[in-house]
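> sequence first, predicted coordinates after that:
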Amino acid sequence: MFISFFIKIPLCPKRAKPPTRVKMMSGILRPRSFYYLLHPRPVVVIVTLCEGGKANAMPASWVTPVSEEPTALAVAIDKENYTFTCIEYSKEATFNIPSQEHVNIVYGLGTVSGRAVDKVRMFNLRLGKANKVAAPIWLDAIGWIEGRVMNRVDVGETALYIFEVLDYYAKPDAVSEWGWKFDKASPLHHGSGRGFHTVGKLILASKTKQ
Ligand SMILES: Cc1cc2nc3c(=O)[nH]c(=O)nc-3n(C[C@H](O)[C@H](O)[C@H](O)COP(=O)(O)O)c2cc1C
């Protein structure tokens, strides 16, 4: 079910089930799943170190910060993915933030499994050494987070991993202390299938009157 969202007809090649129709009930539109209402979401490319020293990369958008003390993020990984096997093996990963120029690589990395191919070679990924973990970073990304597994919760077809954030950094011209400079950097957000978004205009909320 989870994979089918990312790999679906006609945008993606191997959807498990045919799409269900959007249901309409008395003025309400119900998309085919609840999570469509929670997209687009920022995409990361998770790089893991797998058995035999092989590196693997997969895009993920079901990822979120969950704590500042300790610094931690959560990510849902389908247990059929090779990345799941690699995380179970090494308990570490790097989360590489791609920009809009990487959209084809990002999508492509999500359509094949590292179990079947060497994705690093197939997509010519330039890898480099991370600071705190053995898993490499993808050098062409615009930001990086290094993490080690703290916890795992099994939720249906996915494993929800909590990673302690051991280090994080970004290209100096792409961020300020408040995060992305959107005139200089365009992190990718995943809508559905082959559809991606970049961040739109800034809207400033009014100051709350006390
Ligand atoms: C933009 C995008 C986001 C994705 N997000 C996730 C995700 O959050 N979790 C997940 O398990 N799979 C996600 N997928 C699907 C995996 O990337 C895909 O199944 C991939 O081929 C798994 O590769 P692996 O077997 O080498 O680990 C996403 C795919 C795309 C294209």
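Yep, it's here. Residues are numbered from 1 along each chain as shown.

> please list the residues of this structure that sit near the ligand.
By CB under 6 Å from any ligand atom, the part of the chain that sits against the ligand consists of 3, 6, 43, 56, 58-62, 76-78, 81-83, 106-107, 110, 112-115, 190. Heads up, the C-betas are built off the backbone N, CA and C, glycines and all.

> which of these count as buried?
Using 16 or more other CB atoms under 10 Å as the burial test, the residues of the chain next to the ligand include 3, 6, 43, 56, 58-62, 76-78, 81-83, 106-107, 110, 113-114, 190 as buried.

> per-residue pLDDT, the residue nearest to residue 128 when sequence neighbours are not counted?
Spatial nearest neighbour of residue 128, excluding adjacent residues (CB to CB, 6 or more residues apart in numbering): residue 139 at 4.6 Å. Predicted confidence (pLDDT) for residue 139: 98.

> do the one 4 residues further on as well
Reading off the confidence values, residue 143 has pLDDT 98.

> wait, it sits on residue 167?
No - contact criterion CB atoms under 8 Å: residue 143 and residue 167 do not qualify, at 11.5 Å.

> more neighbours: which of these two?
A direct count of neighbours by other CB atoms under 10 Å for residue 143 and residue 167 places residue 143 higher, at 21 against 15.

> give me the beta-bridge partners of the more buried one?
Listed beta-bridge partners, residue 143: residue 97, residue 170 (assigned using DSSP bridges).

> which residues sit in contact with it?
Applying CB atoms under 8 Å, 6 or more residues apart in numbering to residue 143 gives the contacts 96, 97, 168, 169, 170, 171, 174, 175, 180, 187.

> ok, the fourth one to the ligand distance?
Using CB to the nearest ligand atom, to the nearest Å, we find residue 169 at a distance of 22 Å from the ligand.

> excluding chain neighbours, what is closest to that residue?
Here the nearest residue to residue 169 in space, its sequence neighbours aside, is residue 144; by CB to CB, 6+ apart that works out to 5.7 Å.

> hang on, the earlier thing: which one (most neighbours) among the contacts of residue 143?
Highest neighbour count within the contacts of residue 143: residue 96, with 28 neighbours (other CB under 10 Å).

> can you pull the contacts of that residue?
Residue 96 sits next to 44, 45, 46, 47, 57, 137, 138, 141, 143, 144 when contact means CB under 8 Å, 6+ apart.

> can I get those residues in a markdown table with secondary structure?
As requested, these are exported to a markdown table (DSSP: H, G, I helix; E, B strand; the rest coil):
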| residue | secondary structure |
| --- | --- |
| 44 | strand |
| 45 | strand |
| 46 | strand |
| 47 | strand |
| 57 | strand |
| 137 | strand |
| 138 | strand |
| 141 | coil |
| 143 | strand |
| 144 | strand |
